[in-house]
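**Student:** Quick check, what structure comes out for this input:
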Amino acid sequence: MGKFEVSVRKNGEFQFNLKASNGQTILTSEGYTTKSACLNGVESVKKNAGDITRYEKKVAKNGKPFFNLKASNGQVIGASQMYANEKNCDNGIASVMKNAPEAPVVEI
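**Tutor:** Below is the predicted model of the structure:
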């Protein structure tokens, strides 16, 4: 089972990473000024992860595919890593859809 890891960045902002059961990071948040805002972001991911229409696939300048997960208002609530190919990117989306809804939150 996956999990959300909430941590504090060096600049004092909070962020979360959604980790798959193998420990690989599959989604990373923006920086939040408060812990409660970060936890709200986690809840938004849980709520939106099961809706395929919330995923936006993109290609970085280096040609590698990645995706963003967006809330119903269009705001990006999480971004993936860069993938070697589109198939791996699709697998990453499937992993978020599977892991996020029931993932526990762990503070590190």
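**Student:** Which residue ranges of the chain form strands?
**Tutor:** Per DSSP state E, the chain carries strands over the ranges 3-8, 14-19, 25-28, 55-59, 65-70, 76-79, 105-107.
**Student:** a markdown table please, covering those and showing mean neighbour count and mean pLDDT.
**Tutor:** Where you see a C-beta, it was placed from the backbone N, CA and C, and this is true even at glycine. Shown next, in a markdown table, are the strands of the chain (neighbours: other Cβ atoms under 10 Å; pLDDT from 0 to 100):
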| stretch | mean neighbour count | mean pLDDT |
| --- | --- | --- |
| strand 3-8 | 18 | 98 |
| strand 14-19 | 21 | 97 |
| strand 25-28 | 19 | 96 |
| strand 55-59 | 14 | 97 |
| strand 65-70 | 19 | 98 |
| strand 76-79 | 20 | 96 |
| strand 105-107 | 13 | 95 |
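**Student:** Compute the first-to-last residue distance for stretch 50-66.
**Tutor:** Taking Cα to Cα, to the nearest Å, stretch 50-66 runs 18 Å from one end to the other.
**Student:** and of the strands of the chain, who's closest to Asn91?
**Tutor:** strand 25-28 (9.4 Å; Cβ to Cβ).
**Student:** and that closest one, what other elements does it pack with?
**Tutor:** If you count contacts as 3 or more Cβ pairs under 8 Å, 6 or more residues apart in numbering; DSSP states H and E, strand 25-28 packs onto strand 14-19, strand 76-79, helix 86-99.
**Student:** can I get those in CSV with distance to Ala37?
**Tutor:** Formatted as CSV, the helices and strands packed on strand 25-28 follow (distance: least, Cβ to Cβ, whole Å):
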stretch, distance to Ala37
strand 14-19, 7
strand 76-79, 11
helix 86-99, 20
